[in-house]
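> Got a predicted structure plus its sequence, pasted below:
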Amino acid sequence: MLAKLKAKTKKAKSLLKNKAVPKKKTNKKSPPKYVLLLYVVGQTPNCVRAFNNLKKICEENFPNDYSIEIIDLLKLPQLAKEDQILAIPTVIRKLPKPIRKTIGDLSNTEDVLIGLDLRLGRSFKK
């Protein structure tokens, strides 16, 4: 069990080393439609899970049209106050405006899409 957790932590560390998730190369030169900021504190399991879930949601719903910037509040703690971050992990949709926020590990896709207003005209089951 401990070995599995260590393996996941190593993978998570490598995923979180980059500040942003690179978009797949396309012929489009326009900026991404969706700009998301993921606030984390180090590489905790919840923060890593949130990153993986957010990336999966973005790839499934709007591939090649998003960017995710990871902001580690251990490295930049002043941003917690400036950006009014009260819980971790937190995702902020910067673009398109208006700004939207949601918190948690983002494991419920429907809640994330609704919370960040990324529904894309779909209707969800209740």
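On my side now, so go ahead. Residues are numbered from 1 along each chain as shown.
> C-alpha from now on. contacts and neighbour counts both.
Will do.
> dump the residue contacts of the nearest residue to C58 once chain neighbours are set aside.
The spatial neighbour of C58 that comes closest, neighbours along the chain excluded (Cα to Cα, 6 or more residues apart in numbering), is Y66 at 6.9 Å. Y66 is in contact with 23, 32-36, 58, counting by Cα atoms under 8 Å, 6 or more residues apart in numbering.
> can I assume R49 is in contact with P89?
No. If you go by Cα atoms under 8 Å, R49 and P89 don't touch, sitting 9.4 Å apart.
> Now for the two: what residues contact both?
For the pair R49 and P89, residues contacting each of them under the criterion Cα under 8 Å, 6+ apart are D105.
> Which one of those two is surrounded by more residues?
Taking neighbours as other Cα atoms under 10 Å, R49 and P89 compare with P89 leading, 24 against 18.
> Verify the stated contact: that one with C47.
Yes. Distance between P89 and C47: 5.6 Å, which falls inside the contact criterion (Cα under 8 Å).
> Tell me the buried residues within the contacts of Y66.
Members of the contacts of Y66 that pass the buried threshold by neighbour count (16 or more other Cα atoms under 10 Å) are listed as 32, 34-36, 58.
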